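Asker: here you go, sequence then predicted model.
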Amino acid sequence: MKAYTRYLTFNTKKRRELIRITDTVRESVKESGVKEGLCLVSAMHLTAAVIIQDDEEGLHEDIWEWLERLAPFKPDYKHHRTGEDNGDAHLKNLLVHLQVVLPITNGELDLGPWQEIFYAEFDGQRPKRVIIKIIGE
């Protein structure tokens, strides 16, 4: 069994951003040498996420609007009593999840025809990490 680890660091210019990372994950699969296995891609912060979605701008706008309706940015979250102002970012993370696990088949990331991997930032403008962990044979 082979194992491979890679860390990515993001420091977004905006508080909220969606960054396509499919090519970087594909590159990591190639570097790993794994032919059959699994690839975990996980945000290492509770105010960010990794998602699989279509790379279509209208859909991205719909996703941001949906998340904002369900977990709006507002000043009165109880979490803010700690001095933070990112209660909504924690809730958005819960809605779309922290990580994804993807199949590797014949040495390739095995995605569907419109599936792309994105890093979703909900409380940016500071360094945050993503781990790519690949295991298999």
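Answerer: Arrived safely. It should be emphasised that the depicted structure is a prediction, and the values quoted were computed from it without experimental measurement.
Asker: now the helix ranked longest in the chain: buried residues?
Answerer: If you go by DSSP state H, the chain has its longest helix at helix 57-70. Residues of helix 57-70 classed as buried by neighbour count (16 or more other Cβ atoms under 10 Å): 63, 67. The C-beta positions use only the backbone N, C-alpha and C, and glycine is treated the same way.
Asker: mind giving me the packing neighbours of that helix?
Answerer: With contacts taken as 3 or more Cβ pairs under 8 Å, 6 or more residues apart in numbering; DSSP states H and E, helix 57-70 sits against strand 17-20, strand 48-53, helix 87-96.
Asker: got a list of what the most centrally placed residue in the chain touches?
Answerer: Centroid-nearest residue in the chain, with Cα atoms, centre = their mean: residue 50, separated by 1.6 Å. Applying Cβ atoms under 8 Å, 6 or more residues apart in numbering to residue 50 gives the contacts 21, 41-43, 97-100, 117-120, 130.
Asker: just the closest of those to residue 84, please.
Answerer: Distance to residue 84, by Cβ to Cβ, is smallest for residue 43 among these, at 17.3 Å.
Asker: ok, so what distance separates that closest one from residue 78?
Answerer: The gap separating residue 43 from residue 78 is 23 Å, by Cβ to Cβ, to the nearest Å.
Asker: out of the two, which sits in the more crowded spot?
Answerer: Counted by other Cβ atoms under 10 Å, residue 43 and residue 78 do not tie: residue 43 has more neighbours, with 26 against 7.
Asker: report back the residue of the chain that's furthest from centre.
Answerer: residue 81 (27.2 Å).
Asker: now do the SS call for that residue.
Answerer: Under the three-state scheme (DSSP: H, G, I helix; E, B strand; the rest coil), residue 81 adopts helix.
Asker: neighbours of residue 74, how many?
Answerer: 10.
Asker: not counting sequence-adjacent ones, nearest residue to it?
Answerer: residue 88 (6.8 Å; Cβ to Cβ, 6 or more residues apart in numbering).
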